[in-house]
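J.: I'd like to go over a predicted model; first the sequence, then the structure.
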Amino acid sequence: MAKKTKLHYTTPGLSESDAVRVVELLQDRLNATTDLHLTLKHVHWNVVGPHFIAVHEMLDPQVDAVRGFSDDLAERIATLGGSPVGTPGALVADRTWDEYSIGRATTQEHLGALDLVYQGVIESYRAGIKELGELDPVTEDMFISQTDQLELFHWFIRAHLEDKGGNLSTTGARTEAEAARAAS
């Protein structure tokens, strides 16, 4: 985070220094889930092609769930005595990933790009889970629950990218553009 995290108080049984780090981890995931639900909605609006309706309708429940994750993360920050930051400028300033790069494109192109998006989000959640095991099992449990759902959504995306042998069309892609090309 760009700013120094300040707490008004913290929850009983959690040291202030541990709570500060937990709030930082929560804020990072709040930024990621806010960005993800907006990205998913962007894809929902910009997807075209023969499988348009299937992908269009598959994404709305993901948007709703991920938006709910954002709310849960923000409320946990407040519970720990922090102040959640949800402004667009702060999100852009603090994020460590690039802007989603695909505009109007086919279902396969967007799904290929989303494969990489979900990989990044899930990897960062899992890194947070490892750190939270020592700091705060309550927040760790929240991260585990959200990761479970994100991995399910990722599977939905990947099911469209697999051949009958289970090989992903996006294997080896390092950017959204590469993944979109590989998937199309």
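T.: Arrived safely, thanks for sending.
J.: which elements pack onto the helix or strand of the chain with the lowest mean pLDDT?
T.: One helix or strand of the chain scores below all others by mean pLDDT, DSSP states H and E: helix 88-94, with a mean of 94. If you count contacts as 3 or more C-beta pairs under 8 Å, 6 or more residues apart in numbering; DSSP states H and E, helix 88-94 packs onto helix 16-46. No exception for glycine: its C-beta is placed from N, CA and C like everyone else's.
J.: just the residues contacting the helix or strand that the least confident helix or strand of the chain is followed by, thanks.
T.: Per DSSP states H and E, helix 88-94 leads on to strand 105-106 as the next helix or strand towards the C-terminus. For strand 105-106, the external contacting residues (C-beta atoms under 8 Å, 6 or more residues apart in numbering) are 46-49, 113, 180, 184.
J.: cutoff 7 Å now
T.: Strand 105-106 has contacts (C-beta atoms under 7 Å, 6 or more residues apart in numbering) with 46, 48-49, 180, 184.
J.: partner strands of it, with direction?
T.: When sheet partners are counted by DSSP bridges, strand 105-106 sits next to strand 47-48 (parallel).
J.: what is the rounded mean pLDDT of the partner strand?
T.: Mean pLDDT, computed over strand 47-48, is 97.
J.: rewinding a little: and the least confident helix or strand of the chain, what's buried?
T.: For helix 88-94, a neighbour-count test (16 or more other C-beta atoms under 10 Å) marks 90-91 as buried.
J.: and stretch 137-153, by the same measure?
T.: Under the neighbour-count criterion of 16+ other C-beta under 10 Å, stretch 137-153 has 139-140, 142-144, 146-147, 150, 153 buried.
J.: ok, residues contacting that stretch?
T.: Residues outside stretch 137-153 that contact it (C-beta under 7 Å, 6+ apart): 22, 26, 62, 65, 69, 72, 76, 118, 121-122, 125-126, 128-129, 132-133.
J.: thank you kindly, that will do.
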